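A.B. asks: The sequence and its predicted three-dimensional model are supplied below.
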Amino acid sequence: MEGLSFAVAAEVEPYGIKVTVVEPGFFRTELLDKRNVKYALSSVADYAAEGPAEAMWSPYDGKQPGDPDKFGDAVVQVSRMAAPPPIFVAGSDGLAAIRPTIEARLKSMRDHEALSSSTGATDGPPV
């Protein structure tokens, strides 16, 4: 979704349209309430070690760390920014989940920078 959103953002930016990818953490909604969720009765063998989805997710019902009202307020604030961020991560748990992934990607890029740079054409200026 990020890649698609960034591509769309580049296409619509000349028209004054701004795109922000919102990546929320876990917010206290009724999504996991027994009245609103249906868990599959079957399972995929490759995921069996994780246990049933219901056992994994139902303990979080009503205990999610994020406040949905504050999340809504934050999204409104982002929508009113003259220069909104390309990515808005909502919730400290969201930040904690995403930060290591981004840092690992940066490390991988740095570790392989020479190889990445070596793929440039040598017979003319970049296009």
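C.D. replies: Structure's in. What do you need?

A.B. asks: C-alpha from now on. contacts and neighbour counts both.
C.D. replies: OK.

A.B. asks: Shouldn't Glu23 be within a strand?
C.D. replies: Yes: assessed by DSSP: H, G, I helix; E, B strand; the rest coil, Glu23 belongs to a strand.

A.B. asks: what residues are up against it?
C.D. replies: Contacts here follow C-alpha atoms under 8 Å, 6 or more residues apart in numbering; on that basis Glu23 touches 87-90, 94.

A.B. asks: mind checking how far it is from Val89?
C.D. replies: Between Glu23 and Val89 the computed distance is 5 Å (C-alpha to C-alpha, to the nearest Å).

A.B. asks: Strands of the protein, residue ranges please.
C.D. replies: Using DSSP state E, the strands of the chain run over residues 21-24, 87-90.

A.B. asks: can you list these in JSON lines and add mean pLDDT and distance to Lys34?
C.D. replies: Rendered in JSON lines, the data for those read as follows (pLDDT from 0 to 100; distance: least, C-alpha to C-alpha, whole Å):
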{"stretch": "strand 21-24", "mean pLDDT": "96", "distance to Lys34": "22"}
{"stretch": "strand 87-90", "mean pLDDT": "97", "distance to Lys34": "25"}
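
A.B. asks: can you tell me which of those comes nearest to Pro59?
C.D. replies: strand 21-24 (19.1 Å; C-alpha to C-alpha).

A.B. asks: how about the closest one: buried residues?
C.D. replies: Residues of strand 21-24 classed as buried: 21, 24 (neighbour count, 16 or more other C-alpha atoms under 10 Å).

A.B. asks: cool, stretch 113-122 as well?
C.D. replies: Buried positions in stretch 113-122, judged by neighbour count with 16+ other C-alpha under 10 Å: none.
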